[in-house]
Structures are given as structure tokens and as C-alpha cells.
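Enquirer: No sequence on hand, only this structure:
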């Protein structure tokens, strides 16, 4: 008996069905396996996101360094050269609200999602002198320290200069905490800052550390570093700025060592050859 044709209607791929195409030999109850593409790694996506955010922040910072209008240029030319501090600020930098990409980059720094002094979440104020974020109550305490010790600004309400934003991007809560720890002035807020707020933020010793010589050293070097970045090229991030800073230090230390070595090297006097001893004359010996 010849093979039944019902097998062909069910799509079986037996040897007795040569008229079927290769694609129709696959059983209907065996679906093809889906092709799984390997997902992108999370680290790579994070790097791409950070690089894109950094590029947006650099663009915003460059826009703040635009040359002034002719009216401002004419008005600034009448200012005396002795008042260079005020005139340079109005010529080289413009003030604006904290740029959004720079603000996002600031909140991504370690420790900046909480107040540096008490640990309250979502701080909306900052100390430009140290590049740290603060809550409303702790910002009032920093105002009591004086502008020379801690300059306080609002991240949402105040206008910012380019170098002030760079102070914030190059500072950070975790960085200042590490600095205080190295100088035995540590004291970190707990993870639940609101529960321990009063006992932490009202401690006089924690405010006194901002008046120390170590804190003065920190804010002076942060200000100088931010000014060098503001006067330089496009902002490339914390890692790039630290690499360039190390290179400058290495170059300056190499020049200092070469100068010191040249000074310490003793001056070589000209060598003097001893003459042959003079033999006494025969007459003098006989005498």
C-alpha cells in the first residue's frame, strides 16, 4: 500500500515526501529558536552616559566664557587697571543659574546626594569654598562662619560664575571627608542623617574644623585649581584635570631639583700641578 497523503498535509519531514521544499519540512509544532543578542554591559553603558554628560557640561561651561557685548567692553575699558579683580570677573566670566548638565554631574559625585555636615538627603545649597553640598540648616551655620571661611550659595536660586561651578565639580563631599580624615578631623554623618541630625550638626567641633589651617589650605588650593581650569581649555572631567595637575607638579619638581642640584654642586677649582723640587746648588752645599 502506498504511503498515505495525510502525512503530507501534516507537514511531516519523512523520506517519502520529496516534493516538499526544505522550508516546509520543519514540523509546525517545533518553532524556531529565537536569536538572543548579548546585552551590553552595564559598565560600558554607564561610561557612555558619563561621557555624554561630561560633554554637555563642558559645552555649558564654554558658553559661560563667551566674550562680552561691545557695550560691556566699552564700559569695562573705562575701569582703572588697579581694579583688575572686579574687571576681570565681568570680562572673562558671565553669571547664570547652575547649568543642568553640570548640576547632574555634581549630584553624581560620591557623597553629594546628602548634606556633607548632617547627611540630609537632596541638599539644595552648597559651600563654594570647599565644593560641598549642604542642606538649608547647615548652610545657615556656614553663613555664620563668614564669607572668608565658607561662601554659601543656592544651587537653584543664585547665579554662578564659571570658576565657582568648577570648584563644585572638582570638590565633592567624599573628597573633603577624606581630607578631614587624614588630618584627624573626621566625623561623618550616618546613613539616616535625619535621625541623627541634631547630635551631628550642632557639634561645635565639626564647625570649628572649617576654621583650621588645614581647611584654609584646602579651600585655597581648590580655588587656585579651579581658576587654572577656568583659564585653560575645555573642561574634560576630574580624571583629566588630576592627570594634568600631576604632570605640572612633576615638571615643576623636576625643575626645582635641577636648580637645587646645580646650587649644591661644589665649584671646582683649577688644579695646580706641583713643580719638581729645586735641588740646592753645589756651592751652597759645600759652604
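Expert: Yes, it's here. Quick caveat, the model's predicted, so the values are computed rather than measured. Residues are numbered from 1 along each chain as shown.

Enquirer: so where do the helices sit in the stretch 101-250 of the chain?
Expert: 136-145, 162-170, 173-182, 197-201, 204-208, 213-231, 238-264 (DSSP state H, counting those that start in this stretch).

Enquirer: Could you identify which of those helices has the lowest mean pLDDT?
Expert: With a mean of 42, helix 197-201 has the lowest mean pLDDT of the helices of the stretch 101-250 of the chain.

Enquirer: Out of the helices of the stretch 101-250 of the chain, flag the one nearest residue 65.
Expert: Shortest separation from residue 65 across the helices of the stretch 101-250 of the chain is recorded for helix 162-170, at 6.0 Å, computed as CB to CB. Using the backbone N, CA and C atoms, a C-beta is placed for each residue, glycine as well.

Enquirer: And the strands in the stretch 51-200 of the chain, which stretches?
Expert: 125-127, 132-134, 152-154 (DSSP state E, counting those that start in this stretch).

Enquirer: Quick check: which of the helices of the stretch 101-250 of the chain is buried the most?
Expert: helix 162-170 (a mean of 24; mean count of other CB atoms under 10 Å).

Enquirer: Packing partners of it?
Expert: Using 3 or more CB pairs under 8 Å, 6 or more residues apart in numbering; DSSP states H and E as the contact test, the elements touching helix 162-170 are helix 42-63, helix 100-107, helix 213-231, helix 238-264.

Enquirer: Mind putting the ones you listed into CSV with distance to residue 139?
Expert: CSV is the format used below for the helices and strands packed on helix 162-170 (distance: least, CB to CB, whole Å):
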stretch, distance to residue 139
helix 42-63, 24
helix 100-107, 15
helix 213-231, 16
helix 238-264, 24
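
Enquirer: With residue 143 as the reference, name the closest of those.
Expert: helix 213-231 (15.5 Å).
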